[in-house]
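Participant: Quick one: sequence plus predicted model below, questions after.
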Protein chains: 2
Amino acid sequence: MSGTAIASPWKKAPERRHERELKREAVLMAAARVFSERGYHRTSLDAVAQTLNVTKPTLYYYFENKEAMLAACVQHGLDLVEAGGGAEPANGATGMARLVAYLTRYAEVSETDFGRCAVRISDAELSEASRKRVRRIKTGIDRRIRDLISAGITDGSIAPSDPKITAFALAGALNSIGRSHQRDADLTGSKMIGQYIALLVNGIAPR
Amino acid sequence: MSGTAIASPWKKAPERRHERELKREAVLMAAARVFSERGYHRTSLDAVAQTLNVTKPTLYYYFENKEAMLAACVQHGLDLVEAGGGAEPANGATGMARLVAYLTRYAEVSETDFGRCAVRISDAELSEASRKRVRRIKTGIDRRIRDLISAGITDGSIAPSDPKITAFALAGALNSIGRSHQRDADLTGSKMIGQYIALLVNGIAPR
């Protein structure tokens, strides 16, 4: 008689991988919260561990060190902006309509802990390798905004200007959302974002 | 026969005070340059001293410590914005005209080392006392911008909006000038400031 399978108390590999991924995400979310509130230097990994009811060594199972954790937070914030492709109107839309969709996404991400990390913490805190990676993503976002402005200028939905300076001004304005201390309820949420975007849209619309 | 006055090799008190003031200013300018380039944590007072051809102990004659030096830099940057009163058009001017003058001044100061210090370095680096002083000046600047917006809304030169959010967006946009790395010549100087201000002015103008 062949033996019946013994129920293993260990989880199967795919399940373990999935669980590890979930835990890594939880560490990242906790880290983003603490980094964005306290800044890089004043963040202790003990504080991050505490919010998850684990000890510091557990964190090292997911991230090599504090810098790697910061780099992952910043990268995730930037990825969220770039992942906003789905929020864009169909391709036939004007440059302005596509730009507005992109900037709205940018503004919304800026209010999240990840977005706040990406904006508030200087690239100088990152390792050389992380800094290069992060700068590449930032350059991509800047290029995307410039391209949408150029498309709008070409189709007449946006007033002529130097797209480089305009992109710099638009992103700069929106970054201040991630920098605000959120102590002031009037300066958060969809009403603020709506008025903010309206100001910028009027600013670049043909007159 | 009364003796003729002996020429003292020591300078007189007013002259000494004046010289001390000049040297203090030189220290402040050197510190602002290094702080704005390297950030607070990576700035060593040795580097500041080196740019002035003095030793570190000499700096302590003018500022108690690194934090006091930073606080003085930040405060000076903010004072430069507030001191721009002279650049404002006469009182009969519209809210918009007065706001534009104030924002232009704000943008110009943002490009200086002092402005860059005020914008780039987190208030969290300051001592409790300095932070309170700096926040009081920042609140004053914010209030000034809001008041000019409100005046413009009242006299019809600015489109109706929530002045608090609009002030936040305008200052946020301009702060990105002080945050930029100035590696890019296209994103500095009067052309950039002109286009930047034009965008914001169009953004808040009645349509």
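Facilitator: It's in. Residues are numbered from 1 along each chain as shown, chains lettered A, B, ... in the order given.
Participant: Chain B contacts on chain A?
Facilitator: Selection of chain A residues close to chain B by CB under 8 Å from any CB of the partner chain yields A:38-39, A:41-42, A:122, A:124, A:159, A:161-162, A:164-166, A:168-169, A:171-177, A:179-180, A:186-187, A:191-192, A:195-196, A:199-205, A:207. Quick note: C-beta positions are derived from backbone N, CA and C, even for glycine.
Participant: can you pull the contacts of A:Gly77?
Facilitator: Residues in contact with A:Gly77, defined by CB atoms under 8 Å, 6 or more residues apart in numbering or on different chains, are A:Ala32, A:Val109, A:Thr112, A:Phe114, A:Gly115, A:Arg116, A:Cys117, A:Ala118, A:Val119.
Participant: What pLDDT is listed against A:Gly85?
Facilitator: A:Gly85 carries a pLDDT value of 58.
Participant: Can you show me the helices along chain A?
Facilitator: With DSSP state H as the criterion, chain A has helices at A:13-38, A:45-51, A:56-60, A:66-82, A:95-110, A:113-120, A:128-155, A:163-179, A:189-204.
Participant: Please tell me how far A:Asp46 sits from chain B.
Facilitator: Distance from A:Asp46 to chain B, counting by CB to the nearest CB, to the nearest Å: 19 Å.
Participant: Can you get me a residue count around that residue?
Facilitator: Using other CB atoms under 10 Å in any protein chain shown, A:Asp46 is surrounded by 10 other residues.
Participant: just the one 5 residues further on next, same as before
Facilitator: Burial measure for A:Thr51: 14 neighbouring residues, criterion other CB under 10 Å.
Participant: Wait, it touches A:Ala30, no?
Facilitator: Yes: contact criterion CB atoms under 8 Å: A:Thr51 and A:Ala30 qualify, at 4.8 Å.
Participant: joint contacts of the two?
Facilitator: Both A:Thr51 and A:Ala30 lack any common contact, where contact means CB under 8 Å, 6+ apart.
Participant: what does the model give the most centrally placed residue in chain A for pLDDT?
Facilitator: Geometric centre of chain A, nearest residue: A:Gly77, 1.6 Å, by CA atoms, centre = their mean. Looking at A:Gly77, its pLDDT stands at 91.
Participant: And A:Ala198, by the same measure?
Facilitator: 90.
Participant: Distance of it relative to B:Ile158?
Facilitator: 13 Å (CB to CB, to the nearest Å).
Participant: now A:Cys73
Facilitator: From A:Cys73 over to B:Ile158 (counting by CB to CB), the distance is 38 Å.
Participant: Compare those two and say which is more crowded by neighbours.
Facilitator: Counted by other CB under 10 Å, A:Cys73 and B:Ile158 do not tie: A:Cys73 has more neighbours, with 27 against 23.
Participant: unless I'm mixing things up, the more buried one is touching A:Phe114, no?
Facilitator: Yes: in this structure, A:Cys73 is within contact of A:Phe114 by CB under 8 Å, at 5.9 Å.
Participant: and for those two, which residues touch both?
Facilitator: A:Ala32.
Participant: Low-confidence ranges, chain A, go.
Facilitator: Chain A contains residues with pLDDT under 70 at A:1-2, A:85-91, A:182-183.
Participant: again, only using 80
Facilitator: A:1-3, A:84-91, A:124, A:180-188, A:207 (pLDDT under 80).
Participant: who touches A:Ala26 in this structure?
Facilitator: Applying CB under 8 Å, 6+ apart, the residues near A:Ala26 are A:Leu52.
Participant: repeat for the one 3 residues further on
Facilitator: Listed by CB under 8 Å, 6+ apart, the contact partners of A:Met29 are A:Asp113.
Participant: Now tabulate the contacts of A:Gly77 in CSV and tack on distance to A:Gly152.
Facilitator: Shown next, in CSV, are the contacts of A:Gly77 (distance: CB to CB, whole Å):
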residue, distance to A:Gly152
A:Ala32, 33
A:Val109, 21
A:Thr112, 27
A:Phe114, 28
A:Gly115, 24
A:Arg116, 28
A:Cys117, 30
A:Ala118, 25
A:Val119, 25
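Participant: Save those residues as JSON lines, and put in neighbour count and distance to B:Ser130 too.
Facilitator: Shown next, in JSON lines, are those (neighbours: other CB atoms under 10 Å in any protein chain shown; distance: CB to CB, whole Å):
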{"residue": "A:Ala32", "neighbour count": "25", "distance to B:Ser130": "28"}
{"residue": "A:Val109", "neighbour count": "25", "distance to B:Ser130": "32"}
{"residue": "A:Thr112", "neighbour count": "18", "distance to B:Ser130": "31"}
{"residue": "A:Phe114", "neighbour count": "27", "distance to B:Ser130": "31"}
{"residue": "A:Gly115", "neighbour count": "27", "distance to B:Ser130": "29"}
{"residue": "A:Arg116", "neighbour count": "24", "distance to B:Ser130": "24"}
{"residue": "A:Cys117", "neighbour count": "30", "distance to B:Ser130": "26"}
{"residue": "A:Ala118", "neighbour count": "29", "distance to B:Ser130": "28"}
{"residue": "A:Val119", "neighbour count": "22", "distance to B:Ser130": "24"}
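Participant: Let me know the closest of those residues to B:Arg17.
Facilitator: Relative to B:Arg17, the closest of the contacts of A:Gly77 is A:Val119; by CB to CB it sits at 44.1 Å.
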